[in-house]
Every structure is written in structure tokens, then in C-alpha cells.
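# Next one to model:
(one chain, ligands or ions: 1)
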Amino acid sequence: MSHKISFGTDGWRGIIAKDFTFDNVRLVARAVAAYINQLGIGKRGLVVGRDNRFLAEEFAEAVAEEFTNQDIPVFLCSGATPTPVTAYAIKLYDAAGAVMLTASHNPPPYNGFKFIPEYAGPALPHITKKIEENIAKLQAGEPCDFYQLEPATGRYGHLLAEEQKTCNCTELNPFEAYIEHISNIIDLAVIRQAGLKVVVDPMYGAGIGYLEHLLGEAGAKLEVFHNNRDPLFGGTLPEPTGHSLDELRKRVRDGGAHLGLALDGDADRFGIIDANGEYITPNQFLPLLYYHLLTVKGWRGPVARTVATTHLLDRLAARVGQQVYESPVGFKYIGQNMLEKDCILGGEESGGLSIKGHIPEKDGILAGLLATEMVAYHQKSLTELLQQVYTEFGQLYSERLDIHTSLEQKEAILSQLKDFAPQELAGQLVTEKITMDGTKLILTDGAWVLIRPSGTEPLFRVYVEANSLEQKHKLQQEVKEILHLHT
Ligand SMILES: O=P(O)(O)OC[C@H]1O[C@H](O)[C@H](O)[C@@H](O)[C@@H]1O
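Okay, the predicted model is just below:
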């Protein structure tokens, strides 16, 4: 039975053996091959990376085979490879793009297919749309430009005859080159001098070995756990937030460590635990990092953030006369702004960031190392640094609520959202309405709310940023009441 394959916020995801079958993975690979050949850049080859999930090697080999069948050379990453490392390998080998097989932080039954174009950041919608069109044509057995026919049957979407295959597939490990590249971005000498103790939790994922290697080189005392392959992720989700971080929190506190660093399943997202065992949210870490780049590294340049990410970044940027580029949710848009507007930092509330000099793809390894560099340089905990930033720029209180709804409720809420335009919220006038992704309302004192359906999960997200805890609570209550949302 043909299954609708579409690329969501970040690639195509499906349940293994139900949607994510070898046939479907091969089909999507053929559609990518056709797209690359349509662009005329197939000869540069494609990188294929994969995480640590069930059948990862076999799926990666199937993708590689489809590419070589279409005369596209393959750089097949040996071993589990983080998404940012697969993306970096594009630059390393001057390839035409990459495929990363991963379902990121989704539960164990899932796998996913991300296409990363030659600019080494997540594919933008106009690109995934072309791939989806190719998929539809191949599924329907219709001609697909630049997709080679199987000579024996003249049918589209089938393999070339054995004698026509070039089988140009090279197995490579981009680990060393990536490590060298990151070593040039991070001040490992400062980390070395500080003599830090760091606890690392790669969550059984593709990031195993990376933070350990770099921090070990920098002389940090390390404690590492969840660093063996486990496609069941120890019974939790490979997502570096909430309860998944409980053990890291405990180990940091009990072991008197300076920091705890976690990665998600494909190591593109970060999770940071401070010396006191507190979780440092991405909305707290991003302004801290911007502050560090401006004051310690002396960099100057704009910031890219999503519509759901803290406006504390805007306050810092305004102080140094820099712009903030706001985009819909999805690192693809941040990556685009980083490239086009020469931003020195791009980041989002869900735990993704990159900086100038690196690729426009989110990188949890880079984020963890930057956090370590900051603690080493300032000789202060992140909480202390945060207080310093709050004293200078004021404190903002942000929180995201995830609200599950039925399909009928979803439709009702979506239609209500279109006309959602209260004059005031929590006693403040609404001064601006932004609808680039969901509905965002800005209030007179700078507080804001955003309501949008998730592109990766069946739920609504309600984001609030306020000037006090009390205001945050009030805003959450009012929005939930007006839209009939119940947690
Ligand atoms: O809020 P959602 O649409 O579910 O997206 C949440 C996150 O999903 C993926 O991880 C994307 O790479 C992120 O850029 C995005 O922030």
C-alpha cells in the first residue's frame, strides 16, 4: 500500500517496519538522487550518515546503493555519526549534500530521513517540496526527470542493470576532521587551565565519543554514562530535557561537577545542567552565549532566532546596535538567516544552536563545548553568569506548555487562532500581532505569547515570556481560557 511520505519540521519520520520500510527508504533515496541529478551536481557525490537506531547500518547501505545505482558517488560514514558531523562532512568532501538517517529524539520505534543540501544546513521547504514531487512521481510509476530507467523493463524507480552500476561507495570516518575543526572554534587552552569536572550523557546516541574526546584532550575530569549503543534508549527518550536529565542532574550534584552536558539521539540538540544541578534552558543559555561572544570574543554581528525564542537576545543585540532576525520554528530558517545575514549566533528555544565559523546546522556538541569554555573563562557557574546578565539587561521568565488535543479540537483551535486578537492580556495592551508561525501577540511591556501547532508532535505549544513569574502565570491562564486549551 502506498504511504504518504512528507518532510515535516525536520525531515521524514516514520515507525520502523510500518512506514519506515526498506522499500520506502529506497524510494525516498531515489527521489533525492533524481533531485541531485536534476541540479546537475550528482558527480560531487552524497554523504550518508546514520544514528544508533535499529537496522541503522542496513538502512544506510540501502540508501548508498540507490545513489550509486544512479551514478552518484557515496561517502558512507562508518559507525554512528551525529547529524552536525554528517553535515560537516559535506564541506569536507565538497559533496552535493547528505542524507542523515535518524529520528532524533523520537521514541525507539521511529526512524527518520533528513536531507541536508550542499550548504550543510537543514533543507528548506522549496527543496523538500521538489523531493516530495519526485517521490509522488516514482510512486505513481511516472517519468521523473534525470531518474535512470531500468533497461530491462523500461520502468522508472528501479535499479540499473548490474553491469551499469559504478558502485562508487567509499567508507569514511569524518570524526578526526570534525574534531580538528571544532578544536579551532573552541578555546581548549582556557578549558585546560580551568581544571573542570564535567559529566557527559550522550543518551546512547550518535554523539557517543565526541564530547568525551574533546574535553578529554582539554584535560577535563570526565564522568560519562549512557555511552553504549542502545536502540531502546534505556527505556527513556533521547531528549535532553525534563526527566530524561534526572540522572545527569544527580551525578553533577553528587560528584561536585562544574557542568553536566547532554545530547539528543543524533547530537544536534543540547541539554545543560549547572553545578547546582539546575537545568539551564536554551532560552537562558542563548543570551549567555551571545554575551560571551560579544564581551569575551569581541565579535559583532546579528542574531537569528525563531519566533518562539527569548527576546532577551533582542535586548543584548540592541545594546550593541545589532539586528535580530526572527523566523518560523525550525533550524532550517535559522540556518538560512545565518548564511544570508552573516549572523554570529543562531539559536532556538528547543535546544539548537550554531555560531559563525561553523556550519548552519544545529550542533549539540558545539553547544556543550561552548558552555564549558564559558565556565572556564569566567570562572563562574552559568547561574552566576546568568545573574550578571539579568542585572545588566533585566530578567525575563519564559515557559512552553505542550497541550495535547484531539483531531477535532485541533481544527477548532486552528480556526480560533486566526481571529485570536484580544485588545489586552493580563492587563497590558496588545501592540503587535505576528503570524509567521501560529499567532504571537506582543504586549506594551514587551511580554509576549505565542500559540502554534507543533510540526513534529500531535500537540499545540503555548509559549509565554513575561517580566515576572506572576505575569507569566496570568498570561498562561488567560490564553488557555480564551482558546479553551486544557493541560
Ligand atoms: O515545535 P515543533 O514544530 O515540534 O519543532 C520542534 C523542533 O523540531 C525539530 O527538532 C527541528 O529541527 C527544530 O528546529 C524544531 O524546533
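
# Just give me the longest helix of this structure.
Longest helix of the chain, by residue count under DSSP state H: helix 22-39.

# who does that helix touch, helix- and strand-wise?
Counting contacts by 3 or more Cβ pairs under 8 Å, 6 or more residues apart in numbering; DSSP states H and E, helix 22-39 packs against strand 46-50, helix 56-69, strand 97-101, strand 110-117, helix 125-140. (Glycine included, C-beta is placed from N, CA and C.)

# got the ones you listed as TSV, with distance to Ser350, mean neighbour count and mean pLDDT columns?
Shown next, in TSV, are the helices and strands packed on helix 22-39 (distance: least, Cβ to Cβ, whole Å; neighbours: other Cβ atoms under 10 Å; pLDDT from 0 to 100):
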stretch	distance to Ser350	mean neighbour count	mean pLDDT
strand 46-50	21	29	98
helix 56-69	24	20	96
strand 97-101	18	28	98
strand 110-117	16	24	98
helix 125-140	18	18	94
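
# just to revisit the earlier point, between the longest helix of the chain and helix 125-140, what angle do the directions make?
Angle, helix 22-39 to helix 125-140, by axes from the mean of the first three to the mean of the last three Cα atoms, to 10 degrees: 120 degrees.

# what's the closest of the helices and strands packed on helix 22-39 to Val198?
strand 46-50 (25.8 Å; Cβ to Cβ).

# and the angle from the closest one to strand 110-117?
150 degrees.

# Other residues contacting strand 46-50?
For strand 46-50, the surrounding residues in contact (Cβ atoms under 8 Å, 6 or more residues apart in numbering) are 32-33, 36, 56-57, 59-60, 63-64, 67, 72-77, 80-83, 85-86, 89-90, 93, 95-102, 116, 206.

# Parallel or antiparallel, which strands does that strand pair with?
strand 74-77 (parallel), strand 97-101 (parallel) (DSSP bridges).

# Flag every buried residue along stretch 215-229.
Neighbour counts over stretch 215-229 (16 or more other Cβ atoms under 10 Å) mark 215, 218, 220, 223-224, 226-227 as buried.

# what does stretch 74-83 give?
For stretch 74-83, by 16+ other Cβ under 10 Å, it's 74-77, 79-83.

# Quickly check these for the two that are furthest apart.
Across those (Cβ to Cβ), the longest gap, 18.7 Å, separates Val74 and Pro82.

# tell me the secondary structure for whichever residue of the stretch 251-400 of the chain sits closest to the ligand?
Closest contact between the stretch 251-400 of the chain and the ligand, by Cβ to the nearest ligand atom, is at Ser350 (3.6 Å). Assigned by DSSP: H, G, I helix; E, B strand; the rest coil, the conformation of Ser350 is coil.

# will you turn the buried residues of stretch 74-83 into JSON lines that also has distance to Asn337 and pLDDT?
Converted to JSON lines, the buried residues of stretch 74-83 look like this (distance: Cβ to Cβ, whole Å; pLDDT from 0 to 100):
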{"residue": "Val74", "distance to Asn337": "31", "pLDDT": "97"}
{"residue": "Phe75", "distance to Asn337": "28", "pLDDT": "97"}
{"residue": "Leu76", "distance to Asn337": "32", "pLDDT": "97"}
{"residue": "Cys77", "distance to Asn337": "28", "pLDDT": "97"}
{"residue": "Gly79", "distance to Asn337": "32", "pLDDT": "95"}
{"residue": "Ala80", "distance to Asn337": "30", "pLDDT": "98"}
{"residue": "Thr81", "distance to Asn337": "26", "pLDDT": "98"}
{"residue": "Pro82", "distance to Asn337": "23", "pLDDT": "98"}
{"residue": "Thr83", "distance to Asn337": "19", "pLDDT": "98"}
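
# Would you agree Leu401 falls within a helix?
No. Per three-state DSSP, Leu401 lies outside any helix segment and is strand.
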